[in-house]
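> Provide a 3D model corresponding to the input given below.
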Amino acid sequence: TGYYEPILAGSRSRTERFRHPVYGVPADLVAVDLESLNPELKGLRLRGRLEGNRLVPYLSREEIENRTPFRAPVLAWVEDPVELFFLQIQGSGQIELDTGARLRLGYGDQNGHPYRSMGRYLIQRGELAPEQTSMQGIKAWAAANPRKLREALDSNPSYVFFRPMPDSLDGPIGTLGAPLTAGHSIAVDPRSVPLGAPVFLATTMPLSTQPLHRLMAAQDTGGAIRGAVRADFFWGAGAEAGTLAGRMR
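Numbers count the residues shown, from 1 in each chain. Model prediction:
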């Protein structure tokens, strides 16, 4: 698959146009590194919130969206809930503010719920055929079905929180701690491929027979990247990168 760095229009304050909040990490989110309890659980983290002296699951996407107010810092406001949904799937992005400035956002944390594919949900409901579940196909369905959109978004209980990043970076920061390079960085499952390892990729360009044979750097991870022969190809920032990423399956 492919991923990219979206660029969304937005504002620092809520307006009639920009009504959907981009949240930073909430103060009540508790993350437990399970490796500190058992070395066999290396790389696994448990997330939740405290109720009295009990650690309980954190709020799901639906619960976060329905909680007013949801107590987390708001980094920006954006126009389109679908674009915000895909920003969370990508894990980083930029907000082009109404002042002309740009706000770069990196992955902050996640609510601990499993990632569920919205495309798979739409296939199971008979809304889309498998070949229509590219990012572009899902966005087109969302535009044509506004009344069904909220339920479809909530089918993925996972919710990503962001943190502001320096403007001086050449790209989004991956799990390895280094900026990603368009066309040369991939996300992998670190249980199978060590972060930092060179990986030779032999595939084709999206929806094409044109060969794509390249030495890549394993610099990132992702909630849906699981297994030994599994990679997510970083295409860069903006609409053109998004088109390529959305078609890559």
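> now residue 87: how far from residue 176?
Counting by CB to CB, to the nearest Å, the gap between residue 87 and residue 176 amounts to 21 Å. (Glycine included, C-beta is placed from N, CA and C.)
> likewise residue 151?
Residue 151 is 37 Å from residue 176, by CB to CB.
> so for those two, which residue has more residues nearby?
Legend: neighbour count by other CB atoms under 10 Å for residue 151 and residue 176, higher for residue 176 (16 against 12).
> specify the local secondary structure of the more buried one.
With DSSP: H, G, I helix; E, B strand; the rest coil as the basis, residue 176 sits in coil.
> going forward, count from 618.
Let's use 618 as the start, then, which means that last one is residue 793.
> what's around residue 643, how many residues?
Residues lying near residue 643 (other CB under 10 Å) number 18.
> if you could redo that for residue 832, that was the one I meant.
Neighbourhood size, residue 832 [other CB under 10 Å]: 9.
> secondary structure element holding the residue nearest the centre of the chain?
In the chain, the centroid-proximal residue (CA atoms, centre = their mean) is residue 706; its distance is 2.2 Å. For residue 706, the host element (DSSP states H and E) is helix 698-707.
> so which bits of the very next helix or strand once past that helix are buried?
Per DSSP H and E, the first helix or strand lying C-terminal to helix 698-707 is strand 710-714. Neighbour-count burial for strand 710-714 flags 710-714 (criterion: 16 or more other CB atoms under 10 Å).
> got it, and stretch 621-628?
621-625, 627-628.
> which parts of the chain are strands?
619-622, 624-628, 637-640, 647-650, 662-668, 671-674, 691-695, 710-714, 719-727, 777-782, 802-804, 815-821, 828-837, 849-854 (DSSP state E).
> among those strands, which is nearest residue 865?
strand 619-622 (3.5 Å; CB to CB).
> who does that closest one touch, helix- and strand-wise?
helix 698-707, strand 849-854, helix 856-864 (3 or more CB pairs under 8 Å, 6 or more residues apart in numbering; DSSP states H and E).
> CSV please, covering these and showing distance to residue 809 and mean pLDDT.
Below are the helices and strands packed on strand 619-622 laid out as CSV (distance: least, CB to CB, whole Å; pLDDT from 0 to 100):
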stretch, distance to residue 809, mean pLDDT
helix 698-707, 21, 94
strand 849-854, 13, 95
helix 856-864, 22, 89
